[in-house]
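# Fold the following for me, if possible:
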Amino acid sequence: MDSGGAAHRLGSADPRSFKTELDRLGLKDTAAIDRINEVASLVDRTHRAELSRTYELTRSLKKGLGLSI
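Numbering: from 1, shown residues only. The predicted structure follows:
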């Protein structure tokens, strides 16, 4: 974030594209880069966990429906 408090969109939360995105933005502050990496990793883990929960819920609902037919 800049001193005005405005947030900049970085692109993807995919850890594989961090270096490309940071190079594109021209960030040199290592503390800011570390914080961006931490937040992006948290977002990625959260997204994967949500996908897993959705998959398990869908699977259990389909399994339950299959038993009642």
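# what about A31, helix or strand, and which?
A31 belongs to helix 30-68 when assigned by DSSP states H and E.
# now that helix: mean pLDDT?
Helix 30-68 shows a mean pLDDT of 85.
# Could you name the helices and strands sitting against it?
helix 18-25 (3 or more Cβ pairs under 8 Å, 6 or more residues apart in numbering; DSSP states H and E). C-beta coordinates here come from the backbone N, C-alpha and C atoms, glycine included.
# Need the CA coordinates for the helix it packs on. PDB is fine.
Output of helix 18-25 as PDB, limited to C-alpha atoms (Å, rounded to 0.1, in the frame of the first residue of the first chain):
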ATOM      1  CA  PHE A  18       4.900 -13.900  -7.400                       C
ATOM      2  CA  LYS A  19       8.200 -13.000  -9.000                       C
ATOM      3  CA  THR A  20       6.700 -12.000 -12.300                       C
ATOM      4  CA  GLU A  21       4.000  -9.900 -10.600                       C
ATOM      5  CA  LEU A  22       6.500  -8.200  -8.200                       C
ATOM      6  CA  ASP A  23       8.800  -7.400 -11.100                       C
ATOM      7  CA  ARG A  24       5.900  -5.900 -13.000                       C
ATOM      8  CA  LEU A  25       5.100  -3.600 -10.100                       C
END
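# quick one: that helix to chain centroid distance?
16 Å (Cα atoms, centre = their mean, to the nearest Å).
# Looking at it now, give me its mean pLDDT.
Helix 18-25 comes out at a mean pLDDT of 74.
# tell me which residues of it are tucked away?
For helix 18-25, the neighbour count (16 or more other Cβ atoms under 10 Å) marks 18, 21-22 as buried.
# And that helix, what does it pack against?
helix 30-68.
# between the helix it packs on and helix 18-25, how many degrees?
130 degrees (axes from the mean of the first three to the mean of the last three Cα atoms, to 10 degrees).
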